[in-house]
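# pasting the structure only:
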Ligand code: ASP
């Protein structure tokens, strides 16, 4: 049986097991099962995280040096950036439009959230300007510190510098370039080993998620959750495939079939960073994206391109404003969009990262940061779907970029 089918089957089994566990709360069976599931899921996620930093570093170095070898660096950069900005903007517009259309949060009795709001600690103020300062301070740092702390964005920036330096040095640095390629191949081999564990890891992750979620609290926010989920799915099933079809000339069904393993892993881990090794594998092996394109676009996309997160943050800001009885002006909604774009750019690809940058979006239009307490109970659930779309966007862009850079080659 292929890895894809194994993952699909264990994902379904995981959901069923989660519901079964829900039937036996506060029993020894429940506690022992959650303990076992936590161990299995921690091993799987831990192994993926172990490989993440060396993989990102080597893939970007290799990606950049390969691209320049065929004179494509600036073109690839431009197309990647253009795709990221376009898809994120569409996601933001869609998020706001659907939140308006379905009047999310209008007419809901805010009193029911008072407990949650008073229990929540106000986080430090995070304005867009302080966000930028933090962003620069956390990105341009000692690379060894970045490696040790797992600071992905700083590693990406350093890898870009190294890649460009290798290119500029040309033949002088041939040995190091070859070494980077071999190091990257070793990483990919190890990822292949870890992925053998994926079916078991995903079963454990999903069963634990279903068994430990507080269903009664979730039902309060059902309307908002349904609208955001529906809109995110619409973006992933209609908008992105349409762009893929028009600009990537690829049948969306081929895309979904080839990326199924990565999409399910994104759903189960809620982390685009943890899923990245698999996204890269799917793009190269199943979608035919050239390794130099996938090795460059996917790690960058994992960091910078988060359609699902942007869509969620824009809709959530409107939801909170509605709950407070505030009508945001068009200008304020534009500020929400701009801030949500920066926030999605800076959010690392880890579970609930969007929740942290959400504070910045709320504050950009004077909404209280405490209001994120309202969103906390449903965040873990919504994170699953938005991460899938984040990961899907990265793989889709790699197809489009690959096509346009390939075409230039043949001209
Ligand atoms: N979990 C998301 C991701 O890894 C980020 C977010 O919280 O929105 O892509």
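Here it is on my side, so go on. Every value quoted in this text rests on a predicted model; they were computed, and no experiment measured them.
# buried residues, the helix or strand containing residue 396. List them.
Per DSSP states H and E: residue 396 is located in helix 372-410. For helix 372-410, the neighbour count (16 or more other CB atoms under 10 Å) marks 372-405 as buried. For glycine as for every other residue, the C-beta is placed from the backbone atoms N, C-alpha and C.
# any low-confidence regions in this structure?
Scanning the chain for pLDDT under 70 picks out the ranges 4, 66-73, 107-128, 130-131, 213-220, 346, 370, 373, 377, 407-411.
# can the longest helix seen in it be found next to the ligand?
Counting residues, the longest helix found in the chain (DSSP state H) is helix 28-69. No - under the criterion of CB under 6 Å from any ligand atom, the ligand is not reached by helix 28-69; the shortest gap measures 11.9 Å.
# okay, the angle between that helix and helix 372-410?
Orientation check (axes from the mean of the first three to the mean of the last three CA atoms, to 10 degrees): helix 28-69 against helix 372-410 gives 30 degrees.
# who are the packing partners of helix 28-69?
If contacts are counted by 3 or more CB pairs under 8 Å, 6 or more residues apart in numbering; DSSP states H and E, helix 28-69 sits against helix 3-22, helix 73-101, helix 152-169, helix 174-195, helix 198-212, helix 272-285, helix 291-304.
# and the closest residue to the ligand within the stretch 301-411 of the chain, what is it in contact with?
Closest residue of the stretch 301-411 of the chain to the ligand, CB to the nearest ligand atom: residue 354 (2.9 Å). Applying CB atoms under 8 Å, 6 or more residues apart in numbering to residue 354 gives the contacts 306, 309, 312, 313, 343, 344, 347, 379, 383, 386.
# that one in helix, strand or coil?
Of the three states, residue 354 takes helix under DSSP: H, G, I helix; E, B strand; the rest coil.
# tell me the spacing between it and residue 235.
15 Å (CB to CB, to the nearest Å).
# what about the residue of the stretch 151-300 of the chain at minimum distance from the ligand, how many neighbours?
Residue nearest to the ligand within the stretch 151-300 of the chain (CB to the nearest ligand atom): residue 272, separated by 3.5 Å. Residue 272 has 34 neighbours, counted by other CB atoms under 10 Å.
# ditto for residue 161
13.
# kindly report the same for the one 3 residues further on.
Using other CB under 10 Å, the number of residues around residue 164 comes to 15.
# burial check on the closest residue to it other than its chain neighbours, number of neighbours?
Of all residues not flanking residue 164 in the chain, residue 64 sits nearest, at 6.1 Å (CB to CB, 6 or more residues apart in numbering). Neighbours of residue 64 under the rule other CB under 10 Å: 26.
# cool, residue 36 as well?
Per other CB under 10 Å, the neighbour tally for residue 36 reads 13.
# could you find the closest non-adjacent residue to it?
Nearest residue to residue 36 in three dimensions, chain neighbours excluded: residue 204, at 7.8 Å (CB to CB, 6+ apart).
# now that neighbour: how far from residue 401?
Distance, residue 204 to residue 401, using CB to CB: 35 Å.
# same question for residue 348.
22 Å.
# check residue 202 too.
Taking CB to CB as the measure, residue 202 falls 29 Å from residue 401.
# which of the three states applies to the spatially most distant residue from the centre of the chain?
Largest separation from the mean C-alpha position in the chain: residue 172, at 37.6 Å (CA atoms, centre = their mean). Secondary structure assignment for residue 172 (three-state DSSP): helix.
# the closest residue to residue 197 other than its chain neighbours: what's it in contact with?
Once flanking residues are discounted, residue 197 sits nearest to residue 44: 5.4 Å by CB to CB, 6+ apart. Counting by CB under 8 Å, 6+ apart, residue 44 makes contact with 194, 197, 198, 200, 201, 202, 204, 205.
# among those, name the buried ones.
Among those, those buried by neighbour count (16+ other CB under 10 Å) are 194, 198, 200, 201, 202, 204, 205.
# surely the first one touches residue 48?
Read that as residue 194. Yes - if you go by CB atoms under 8 Å, residue 194 and residue 48 touch, sitting 6.2 Å apart.
# so is stretch 78-87 next to the ligand?
No - judged by CB under 6 Å from any ligand atom, stretch 78-87 makes no contact with the ligand; its nearest approach is 13.7 Å.
# run a quick neighbour tally on the nearest residue to residue 284 once chain neighbours are set aside.
What sits nearest to residue 284 in space, not counting adjacent residues and going by CB to CB, 6+ apart, is residue 294, at 4.9 Å. Residue 294 has 28 neighbouring residues, counting by other CB under 10 Å.
# ok, residue 294 - contacts?
So residue 294 contacts 63, 280, 283, 284, 398, 402 (CB under 8 Å, 6+ apart).
# quick one: contacts for the fourth one?
By that I understand residue 284. 290, 291, 294.
# switch to 10 Å and redo it
188, 290, 291, 293, 294, 295, 298, 398, 402 (CB atoms under 10 Å, 6 or more residues apart in numbering).
# my read: the fourth one touches residue 399, true?
Yes - applying CB atoms under 10 Å, one finds residue 293 in contact with residue 399, separated by 8.8 Å.
# and the residue lying closest to residue 384 once chain neighbours are set aside, how many neighbours does it have?
Excluding the flanking residues, the one nearest residue 384 by CB to CB, 6+ apart is residue 267, at 5.0 Å. Neighbour count for residue 267, taken as other CB under 10 Å: 20.
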